[in-house]
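Q: I need the structure of the sequence given here:
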Amino acid sequence: MKKKFYLLLTLTSRFRNMRCVAMSYILLNGKDLAARMKKAMSKEVEKLASDGIVPGLAVVIVGNDPASRIYVNNKRKDCEEVGIKSFEYALPEETSEEELLGLIDALNQDPSIDGILVQLPLPGHLDEAKVIRRISPEKDVDAFHPFNVGELMIGRPVFAPCTPAGVMELIKDANIDVAGKNCVVVGRSNIVGKPMAMLMLHDNATVTICHSRTRDLKAVCSKADILISAVGKANFITADYVKEGAVVIDVGINRNAEGKVTGDVDFPEVSKKASAITPVPGGVGPMTRAMLLKNTIRACKMHNKRTLS
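A: Residues are numbered from 1 along each chain as shown. Got it, this is the predicted structure:
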């Protein structure tokens with residue numbers, strides 16, 4: 001009887017310990033941090049307004065892609081929330097490249113516009129690279145222009161790309177020191193993967209970029225102190241990709257078979273091993289939008305440097 005009681009007590013104790021471990025991660029709540037940032041940015045915009053300056057963001061959308069429309073609507077709401085003036089240019093699907101480039105030229109010259117964002121993806125007949133290059137680098141608040149990409153590479157970014165910059169803000173807000181840590185970025189896109197690696201490198205992390213040709217991806221990921229996934233595949237990163245105590249950042253936005261928004265990471269299982277992890281939704285997404293506002297305010301201050309000095 002004593003042996004059975006001891007065994008039951010031991011199993012109960014172990015079960016309690018397992019539950020504690022499973023629930024001991026830090027939730028990197030982007031929704032909460034973005035709300036705090038927007039509150040601070042509202043005060044910045046109020047101060048600018050007292051000097052007669054109102055930041056302006058032009059958002060260009062071509063066609064009727066439903067996801068793009070949702071993103072544009074959310075950006076407009078964010079602007080209204082902090083006091084940035086939003087200008088929307090909704091163009092039909094058949095808009096020619098010449099027409100789109102002409103609009104960008106006009107926005108580049110418009111002093112009321114501090115930032116220009118062309119919502120991607122564009123319809124297939126339009127050259128995205130050419131369109132991005134046409135945006136003035138000092139109004140390129142997405143930081144996609146080759147000039148801004150180059151400045152990021154050498155560690156002097158005028159604007160930081162919104163999603164990677166949002167990830168860095170989340171990490172810093174949680175007091176996670178990346179210096180000397182092994183960071184693995186899964187995905188090599190120009191929008192997330194590559195700039196994410198650069199920002200981590202500038203903060204002295206040891207960075208590995210993985211992609212579709214990486215050999216034994218699971219083994220590489222399982223050595224990461226910080227694992228960032230931006231592949232766009234639902235539940236791609238499972239618990240066996242993650243080492244105990246790793247920081248896991250999920251940049252992916254996907255929909256599962258039930259139509260529910262989910263990330264690249266199998267959150268219920270991976271959270272049992274992670275020391276910190278982002279949820280989807282409510283993790284990186286809100287931070288991307290917050291950083292767009294931050295870049296727009298910075299552009300406004302640059303354009304009005306003489307007035308503010």
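
Q: who touches stretch 71-80?
A: 38, 57, 59, 61, 84-86, 88, 90, 117, 119, 289-290, 292-293, 296 (CB atoms under 8 Å, 6 or more residues apart in numbering). (Glycine included, C-beta is placed from N, CA and C.)

Q: Let's see if you can find the most crowded of these.
A: The most crowded member of these, judged by other CB atoms under 10 Å, is residue 296 (31 neighbours).

Q: thought that one was touching residue 58?
A: No. The criterion here is CB atoms under 8 Å, and residue 296 misses it with residue 58 at 9.9 Å.

Q: tell me, what's touching the two both at once?
A: Any residue near both residue 296 and residue 58 by CB under 8 Å, 6+ apart counts here, and that gives residue 115.

Q: Show me which residues of the helix or strand harbouring residue 67 are buried.
A: Remark: residue 67 resides in helix 66-82, with elements defined by DSSP states H and E. Buried positions in helix 66-82, judged by neighbour count with 16 or more other CB atoms under 10 Å: 68, 71-72, 75-76, 78-79, 82.

Q: now stretch 108-122
A: 113-120, 122.

Q: How about stretch 242-249?
A: Buried residues in stretch 242-249, counted by 16+ other CB under 10 Å: 242, 246-249.

Q: between those, which is nearest residue 164?
A: Distance to residue 164, by CB to CB, is smallest for residue 249 among these, at 10.0 Å.

Q: Excluding sequence neighbours, find me the nearest residue to the closest one.
A: residue 228 (4.3 Å; CB to CB, 6 or more residues apart in numbering).

Q: Now do the one you found, the pLDDT please.
A: With respect to pLDDT, residue 228 scores 98.

Q: Quick check: it is in a strand.
A: Yes. Assigned with DSSP: H, G, I helix; E, B strand; the rest coil, residue 228 falls within a strand.

Q: How about the contacts made by it?
A: Per CB under 8 Å, 6+ apart, neighbours of residue 228: 167, 183-186, 196, 200, 249, 251.

Q: Among the residues you listed, which lie within strands?
A: Under the assignment DSSP state E, the contacts of residue 228 contribute 183-186, 249 to strands.

Q: now, which of those sits nearest residue 130?
A: Set against residue 130, the nearest of the ones in strands among the contacts of residue 228 by CB to CB is residue 185 (27.4 Å).

Q: The stretch 101-250 of the chain: strands as residue ranges?
A: Applying DSSP state E, counting those that start in this stretch to the stretch 101-250 of the chain gives strands spanning 115-118, 182-186, 206-210, 226-229, 247-250.

Q: Can you lay out the ones you listed as CSV showing distance to residue 160?
A: Converted to CSV, those look like this (distance: least, CB to CB, whole Å):
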stretch, distance to residue 160
strand 115-118, 13
strand 182-186, 15
strand 206-210, 16
strand 226-229, 15
strand 247-250, 16
